[in-house]
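Asker: quick one: sequence plus predicted model below, questions after.
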Amino acid sequence: MSKDLIPTQEEVKAIEVMAKQAVESKYVEKLGGYAGVFSIAMFARELNIPIMSALFGGMANIMGKITIAPQLMNAMIRKAGHKLKIDSNDQRCIIEGTRKDTGEKCEVSFSLEDARKAGLVKPNGGWEKYPSDMCFARALSRLARRLFPDVIGMAYVESEIEDDEERSKETVEEVETVEAEADSLIAFKEAFKSIENMDHDLNDFLKFISESSKKSVEDAVTQALKHGDRFSKSYLKWVADKTAQPMEVKAEQGDLLK
């Protein structure tokens, strides 16, 4: 890292000029305009990375976090005098690192199976197209955080933040789905509590409807709320059949989800 943590006014002005020129060139549009380019340039300065190398493919600002391309991270570690021993293929990557100053060693790995367990592998995604490169990037980032934090600072490897963002979205969607289903069940219980026979729970009838129609319980709840009268008649007939007490109800349970 740079010896002077706080840049001089002259350095700031030079970086401002460089950032403005870079934005005007339109080659760095994905970096978030002037503010994004300037923040990356300042971060690059702290890590002793040539600013132009950082701006043109070396670094990016994703969700407010700086990422470093694996090629650049690899170069940074080696430039600092540390050693890397890499064993990589399409299924996994193992990297052993050795610090120049202390001789401390650390070995890490990342595999395609690890990516699958983490939910990172998507159809036609990078993990399917370039598994060897993706495993290398993740293993290198893991090693750098454990053995060379003074080299990479608080940066992440390229694509790491995007994967985390995608998983966060999926988690939110799953939670929203569960909450929506819970709300539907509450509404269902409230709508039909007046007809529920304590000997034959409405939940049992929902399962019966689901099995008969070969559709999900959630679908049965949705249709019941839409067609309350039909559902009530079907339920009462089902109860009558269970208790062997004939009732003058002609509705058929199988019609409910048609």
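Answerer: Here it is on my side, so go on. Numbering: from 1, shown residues only.

Asker: name the nearest residue to Phe43, sequence neighbours excluded.
Answerer: Spatially, and ignoring its direct neighbours in sequence, Phe43 is nearest to Ile66 (5.1 Å; CB to CB, 6 or more residues apart in numbering). Quick note: C-beta positions are derived from backbone N, CA and C, even for glycine.

Asker: in what helix or strand does the nearest residue to Ala54 once chain neighbours are set aside lie?
Answerer: Counting by CB to CB, 6+ apart, the nearest residue to Ala54 once its immediate chain neighbours are dropped is Ala44, at 3.7 Å. Using DSSP states H and E, Ala44 sits in helix 33-46.

Asker: does anything pack onto that helix? Which helices or strands?
Answerer: If contacts are counted by 3 or more CB pairs under 8 Å, 6 or more residues apart in numbering; DSSP states H and E, helix 33-46 sits against helix 9-25, helix 51-53, strand 59-62, strand 65-68.

Asker: gap between the residue nearest to Ala54 and Lys207?
Answerer: 61 Å (CB to CB, to the nearest Å).

Asker: these two: which has the busier surroundings?
Answerer: Ala44 (24 against 13; other CB atoms under 10 Å).

Asker: list the contacts of Trp127.
Answerer: 112, 115, 120-121, 134 (CB atoms under 8 Å, 6 or more residues apart in numbering).

Asker: per-residue pLDDT, the closest residue to Tyr156 other than its chain neighbours?
Answerer: Spatial nearest neighbour of Tyr156, excluding adjacent residues (CB to CB, 6+ apart): Thr67 at 4.9 Å. For Thr67, the pLDDT comes out at 86.

Asker: so which bits of the helix holding Ala44 are buried?
Answerer: Residues 36-45 are the ones in helix 33-46 that count as buried (16 or more other CB atoms under 10 Å).

Asker: please compute how far it lies from its chain's middle.
Answerer: On the basis of CA atoms, centre = their mean, to the nearest Å, helix 33-46 sits 26 Å off its chain's mean C-alpha point.

Asker: equivalent analysis for stretch 15-28, please.
Answerer: Its chain's C-alpha centre and that of stretch 15-28 lie 31 Å apart, by CA atoms, centre = their mean.

Asker: stretch 62-70 now?
Answerer: 15 Å.

Asker: so which residues make contact with it?
Answerer: Applying CB under 8 Å, 6+ apart, the contact partners of stretch 62-70 are 39-40, 43, 57-61, 76, 133, 136-137, 140-141, 152-162, 165.

Asker: look up how far Leu143 lies from the residue nearest to Ala54.
Answerer: Distance from Ala44 to Leu143, by CB to CB: 21 Å.

Asker: now swap in Gly81 and tell me
Answerer: From Gly81 to Leu143 the distance is 16 Å (CB to CB).

Asker: and these two? Which one has more around it.
Answerer: For Gly81 and Leu143, the more surrounded residue by other CB under 10 Å is Leu143, and the numbers stand at 24 against 10.

Asker: contact partners for that one?
Answerer: Counting by CB under 8 Å, 6+ apart, Leu143 touches 84, 95, 97, 106, 108.

Asker: can you spell out which residues form a bridge with the last one?
Answerer: With beta bridges defined as DSSP bridges, Val108 has these partners: Ile95.

Asker: below-threshold pLDDT in the stretch 101-250 of the chain: ranges please.
Answerer: 161-203, 217, 242-250 (pLDDT under 70).

Asker: same thing but 80
Answerer: Along the stretch 101-250 of the chain, the model assigns pLDDT under 80 to residues 154, 156, 158-250.

Asker: which parts of it are strands?
Answerer: With DSSP state E, counting those that start in this stretch as the criterion, the stretch 101-250 of the chain has strands at 105-111, 156-157.
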